[in-house]
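S.K.: 3D model of this:
(chains A and B, ligands or ions: 2)
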Amino acid sequence: MLDIKNLHASVEGTEILHGVNLKVGKGEVHAIMGPNGSGKSTLAQVLAGHPAYEVTEGTVALAGADLLDMSPEERAQAGVFMAFQYPVEIRGITNAYFLRAAVNAVRKARGEPEYDTIDFLDVLDEKLKVIGWEDTFLTRAVNEGFSGGEKKRNEIIQMAVLEPKLAILDETDSGLDIDALKLVAEAVNTLRAPDRSMVIVTHYQRLLNYITPDYVHVLHNGRIVRSGGKELAHELEAKGYDWLRQEAAVAG
Amino acid sequence: MTGIEAHVAKPYELGWETDIESEKAPVGLNEDIIRLISAKKEEPEWMLEWRLKAYRHWLTMTEPTWPNVKYPPIDYQAIHYYAAPKQDKKPTSLEEVDPKLLATFAKLGIPLTEQKRLTGVAVDAVFDSVSVATTFKGKLKEAGVIFLPFSEAVREHPDLVRKYLGSVVPTTDNFFAALNSAVFTDGSFVFVPKGVKCPMELSTYFRINATSTGQFERTLIIAEEGASVSYLEGCSAPMRDENQLHAAVVELVALDDASIKYSTVQNWYPGDEEGKGGIYNFVTKRGACRGRNSKISWTQVETGSSITWKYPSCILQGDNSVGEFYSVAVTNNRQQADTGTKMIHIGKNTKSTIVSKGISAGRSQNTYRGQVKIMKSAEGARNYSQCDSMLIGDQCGAHTFPYIDVRNSSAVMEHEASTSKIGEDQIFYCQARGIKAEDAVSMIVAGFCKEVFRELPMEFAVEAQNLLAVNLEGSVG
Ligand SMILES: Nc1ncnc2c1ncn2[C@@H]1O[C@H](COP(=O)(O)OP(=O)(O)OP(=O)(O)O)[C@@H](O)[C@H]1O
Ligand SMILES: [Mg+2]
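M.R.: Ligands and ions are numbered 1, 2, ... in the order given. Down below sits the predicted model:
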């Protein structure tokens, strides 16, 4: 599904990613962990196509297509979804309107008919039912005045509605209280599907207790320094990152 | 152009010209020209005298320099003050109107013919210096509402016109109001008698077509005791290298318990990217809430004109009267806007609301200038003002000049202001959900203007929103 090879990316002239290699198969869930500032969000943003990040080397293929050659909206239309670590507020535009604009943009790009307001409400209803959530956010402006946790939940609503092929969740668990974490994790689990791959960036084992990853990777200093199964997350929880740093230094 | 700016500049869509022979007054301005205009309009003597008096006063005045706009001196002798499509005889019905004119308005989205015209909206269509047609006159008459081209009203309802004309904006008010009073040509006259709720929306569409002409619109709306009316004006002009002057005066009068809602969607030609050409839109709009519990509400969406200079205002004279001003002003490229409002509180418990949204892109300058004055007599007055500016790119300017003058200590004043920038992050967020950058900009701007758009009559809200999207296209990046 996703094939990242030797990816180098910089921001404002400073290289942050120094050659990332990562393969995510169809339907697989990969967790990416790593210390603050190691480049996790950078990787997520690069995949989503944020213009501030410049790819200087390497390739990224999405189902065989050159992802780096696509504009951010084309990536979304091709099925890439990133849940932002810091979701953005859009004043005066309701969530319902925003979701419809997004869904219709994607449908239009795929040559499918767009939904009108009425039809879309039914569609929304159906999709929210999948994750079992109420639609209390729909009439509020996108993320405006939302608490940190509400913003994160709102990202999951968008994911549920947009039904991506590749979902990248950037620290969707941080800022959530214990109950909300469980809700979000359950929602993500119901959205797991054989044709949907996920890359979950997180600092905590807690989330992975609910969402069992197929693979766990550690990103450190812009490189993946360790990959393993779900046990790796437990190991990190117990030992922290220092031992990896030392290994990396020895290897480095 | 940075990324954001690249999404805010689509060509002006109404910049075409109607190929029609026009009859113009000789170029320049003097008393003979005024006599000629008055004669063309078959005006009574008092109207001519009124004009001449205004003209003589105008000669003693100088153009204001305080607005935050820059333009080369206007040569008032280089303008034609009257231009009308040539016709053998005055049309007495729609069938006799030159089909080219009907086609012009149809192309502008204002079909005037019986079968096609907008339902629920009566239209007065003004082409250069004359009204071409006014729809639903009969139906309105049944309800007791007078809706006529101004020139016709002067002839048919001289007493009403005489009673109210200049009573809100005196001929001596300011340089452009004095000029307008001397040379005004057409506009609309609305009279809603006691107790009548106007059964439909009224609207006037102004089209400038002839070259080297000015358009001097005059509009007067009166709502008697307990009457109410909603009125909308729209406008556009061809794309030309020259600057053309549009100097209008609009007067509103609301008596006891009356309410007037006045909406504007202004889309004059804004000039090209380098600021060449475009309309100078120098306008005086003022409403008098004369009666108790009366209400006047201004809503404007200003997207066109190379220069805009206008302050739709309310004089809140009647006790408990209410004044409102909702404004969206968009400037792009080299456009300049200096716009805002004045709320003068005289009566007790008068209330005013000001919501201003300024959006600047390109190398434009956008100024909000507002005054709230609470007179000594205005016990218990309240004002709420909100001025938000949005910048697109970093070469434009947004300026805010709120003047507050409170002479009664019981006044409650609230003021909020904000300046924001459409950020790359906001646009990227939308893009990451599949929405194109241009559409993202329109959406973000529409959200920013929401409080104003929802004040517009339903039929026009969508149009205004689309207009905004067109005007801003190309400015984001
Ligand atoms: N737009 C930017 N401008 C300047 N520096 C940036 C930018 N984005 C990221 N960086 C820098 O790149 C490095 C990696 O940041 P990134 O946000 O990818 O880390 P992270 O692994 O997601 O960290 P965290 O766990 O704290 O979220 C940091 O040093 C950060 O300061
Ligand atoms: Mg991060």
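
S.K.: how about the one residue in chain A that gets nearest to chain B, phi and psi?
M.R.: Distances between chain A and chain B by Cβ to the nearest Cβ are smallest at residue A:92, namely 3.0 Å. C-betas here are computed from N, CA, C, even on glycine. With angles defined as degrees, to the nearest 10, residue A:92 sits at phi 80, psi -10.

S.K.: burial count for it?
M.R.: By the measure other Cβ atoms under 10 Å in any protein chain shown, the count of residues near residue A:92 is 20.

S.K.: what's near enough to touch it?
M.R.: A:141, B:446, B:447, B:448, B:449, B:450, B:451 (Cβ atoms under 8 Å, 6 or more residues apart in numbering or on different chains).

S.K.: how about 10 Å then?
M.R.: Under the criterion of Cβ atoms under 10 Å, 6 or more residues apart in numbering or on different chains, the contact partners of residue A:92 comprise A:141-142, A:144, B:357, B:443-451, B:453-454.

S.K.: Quick one: the strands in the stretch 301-450 of chain B, in order.
M.R.: Assigned strands in the stretch 301-450 of chain B, in chain order: B:307-310, B:313-316, B:322-331, B:336-345, B:351-360, B:365-374, B:382-391, B:397-406, B:412-421 (criterion: DSSP state E, counting those that start in this stretch).

S.K.: Ok, which of those strands comes nearest ligand 1?
M.R.: Each of the strands of the stretch 301-450 of chain B was checked against ligand 1 via Cβ to the nearest ligand atom, and the shortest separation belongs to strand B:412-421, namely 16.1 Å.

S.K.: Parallel or antiparallel, list what pairs with that closest one.
M.R.: strand B:382-391 (parallel) (DSSP bridges).

S.K.: CA atoms only for the partner strand - export them in CSV, please.
M.R.: C-alpha atoms of strand B:382-391 as CSV (Å, rounded to 0.1, in the frame of the first residue of the first chain):
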residue,chain,number,x,y,z
ARG,B,382,-26.0,50.9,23.5
ASN,B,383,-23.5,50.0,20.8
TYR,B,384,-21.8,46.8,19.9
SER,B,385,-19.0,47.0,17.4
GLN,B,386,-17.0,44.2,15.9
CYS,B,387,-14.3,44.9,13.3
ASP,B,388,-12.4,42.0,11.9
SER,B,389,-9.7,42.1,9.3
MET,B,390,-8.3,39.3,7.3
LEU,B,391,-5.1,39.6,5.3
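
S.K.: re the thing from before, need the strands of the stretch 301-450 of chain B in a markdown table (columns: mean pLDDT).
M.R.: Rendered in a markdown table, the data for the strands of the stretch 301-450 of chain B read as follows (pLDDT from 0 to 100):
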| stretch | mean pLDDT |
| --- | --- |
| strand B:307-310 | 93 |
| strand B:313-316 | 98 |
| strand B:322-331 | 94 |
| strand B:336-345 | 95 |
| strand B:351-360 | 95 |
| strand B:365-374 | 95 |
| strand B:382-391 | 94 |
| strand B:397-406 | 93 |
| strand B:412-421 | 91 |
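
S.K.: In JSON lines: those strands, plus mean neighbour count and distance to residue B:276.
M.R.: Supplementary listing: those in JSON lines, determined by neighbours: other Cβ atoms under 10 Å in any protein chain shown; distance: least, Cβ to Cβ, whole Å:
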{"stretch": "strand B:307-310", "mean neighbour count": "26", "distance to residue B:276": "13"}
{"stretch": "strand B:313-316", "mean neighbour count": "28", "distance to residue B:276": "32"}
{"stretch": "strand B:322-331", "mean neighbour count": "28", "distance to residue B:276": "16"}
{"stretch": "strand B:336-345", "mean neighbour count": "26", "distance to residue B:276": "14"}
{"stretch": "strand B:351-360", "mean neighbour count": "24", "distance to residue B:276": "19"}
{"stretch": "strand B:365-374", "mean neighbour count": "23", "distance to residue B:276": "17"}
{"stretch": "strand B:382-391", "mean neighbour count": "21", "distance to residue B:276": "24"}
{"stretch": "strand B:397-406", "mean neighbour count": "15", "distance to residue B:276": "20"}
{"stretch": "strand B:412-421", "mean neighbour count": "12", "distance to residue B:276": "28"}
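
S.K.: who wins for proximity to ligand 2 among these?
M.R.: Among those, strand B:412-421 comes nearest to ligand 2, with 23.5 Å by Cβ to the ion.

S.K.: Now do the same contact list for the residue nearest to residue B:84 when sequence neighbours are not counted.
M.R.: Sequence neighbours aside, residue B:130 is the residue nearest to residue B:84 in space, at 4.4 Å (criterion: Cβ to Cβ, 6 or more residues apart in numbering or on different chains). In this structure, residue B:130 makes contact with B:22-23, B:40-41, B:82-85, B:87, B:90, B:101, B:149, B:151, B:185-186, judged by Cβ under 10 Å, 6+ apart.

S.K.: now the strands: where do they sit in chain A?
M.R.: Assigned by DSSP state E, chain A shows strands spanning A:2-11, A:14-24, A:29-33, A:53-62, A:65-66, A:80-83, A:166-170, A:197-201, A:215-220, A:223-228.

S.K.: on that earlier part again, how about the strands of the stretch 301-450 of chain B in a markdown table, adding distance to ligand 1?
M.R.: Shown next, in a markdown table, are those (distance: least, Cβ to the nearest ligand atom, whole Å):
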| stretch | distance to ligand 1 |
| --- | --- |
| strand B:307-310 | 38 |
| strand B:313-316 | 46 |
| strand B:322-331 | 30 |
| strand B:336-345 | 34 |
| strand B:351-360 | 25 |
| strand B:365-374 | 29 |
| strand B:382-391 | 20 |
| strand B:397-406 | 26 |
| strand B:412-421 | 16 |
